[in-house]
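Chemist: Quick one: sequence plus predicted model below, questions after.
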Amino acid sequence: MATLPQEIQDDSVELGVLANLAGYHLRRASGAFAADFVRSLDGTGMRQVLFAILSVVAANPDINQGAVGRALGIQRANMVSLINELVDAALVERRVSPDDRRAFALRLSVAGQAKLDDCIARIHEHEEAMLSDLVGSDRAQLIALLSRIEAKERS
């Protein structure tokens, strides 16, 4: 699990107004989560954004890259290079969409599904380690609260 440097852990330093700012705590928690996430995927060749794309494509076979980008908040220009990266790595197959011959349908390859399965197992271990102090329904409540905050961005 990721730990903070000793100088940041020092409980003798008062945070002042920061102690009561949700944004401050969200940023710090996000940083700790991201660092441990990167560590958990070490050696897989995967990054958060590629894992997210594989997850959405797996859940929505034959989805087009525009829909993936919108679902994940990734700009259209960036999606092209990300999808190319996954296609070049033989993790995603890109075919002409049967519904719209101008668009490409995306689907995981066998190797892509295997990579996703490996990453999911690693990420479950990461989440268990990071959230081990949450008991009972605390995890579900945390996700529900974060989802409500996230929804503000979309409204």
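Modeler: Nice, I can see it.

Chemist: Please enumerate residues in contact with stretch 107-126?
Modeler: If you take C-beta atoms under 8 Å, 6 or more residues apart in numbering as the criterion, stretch 107-126 is touched by 36-37, 39-41, 44, 46, 51, 54-55, 57-58, 61-62, 86, 89-93, 95. For every residue, glycine as well, the C-beta is placed using N, CA and C.

Chemist: Return the distance of that stretch from the chain's centre.
Modeler: 13 Å (C-alpha atoms, centre = their mean, to the nearest Å).

Chemist: what's the answer for stretch 112-129, then?
Modeler: With C-alpha atoms, centre = their mean, you get 11 Å for stretch 112-129.

Chemist: same thing with stretch 42-57?
Modeler: On the basis of C-alpha atoms, centre = their mean, the separation between the geometric centre of stretch 42-57 and that of its chain is 8 Å.

Chemist: Start the count at 94 instead of 1 going forward.
Modeler: Taking 94 as the first residue, the last one we looked at is stretch 135-150.

Chemist: max-length helix in the protein?
Modeler: Scanning the chain for the longest helix, with DSSP state H as the assignment, gives helix 203-223.

Chemist: Now do the helix or strand following that one against helix 203-223, angle only.
Modeler: With elements assigned by DSSP states H and E, the helix or strand that comes after helix 203-223 is helix 231-247. Interaxial angle, helix 231-247 versus helix 203-223 (axes from the mean of the first three to the mean of the last three C-alpha atoms, to 10 degrees): 110 degrees.

Chemist: re the thing from before, give me the buried entries from the contacts of stretch 200-219.
Modeler: Among these, those scoring as buried are 129-130, 133-134, 139, 144, 147-148, 150-151, 179, 184-186 (criterion: 16 or more other C-beta atoms under 10 Å).

Chemist: picking up where we left off before, just the ones of the contacts of stretch 200-219 in strands?
Modeler: Counting by DSSP state E, those place 185-186, 188 in strands.

Chemist: Present the residues you listed as JSON lines; the columns should include distance to His219 and pLDDT.
Modeler: Output for these, formatted as JSON lines (distance: C-beta to C-beta, whole Å; pLDDT from 0 to 100):
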{"residue": "Val185", "distance to His219": "23", "pLDDT": "98"}
{"residue": "Glu186", "distance to His219": "28", "pLDDT": "97"}
{"residue": "Arg188", "distance to His219": "33", "pLDDT": "92"}
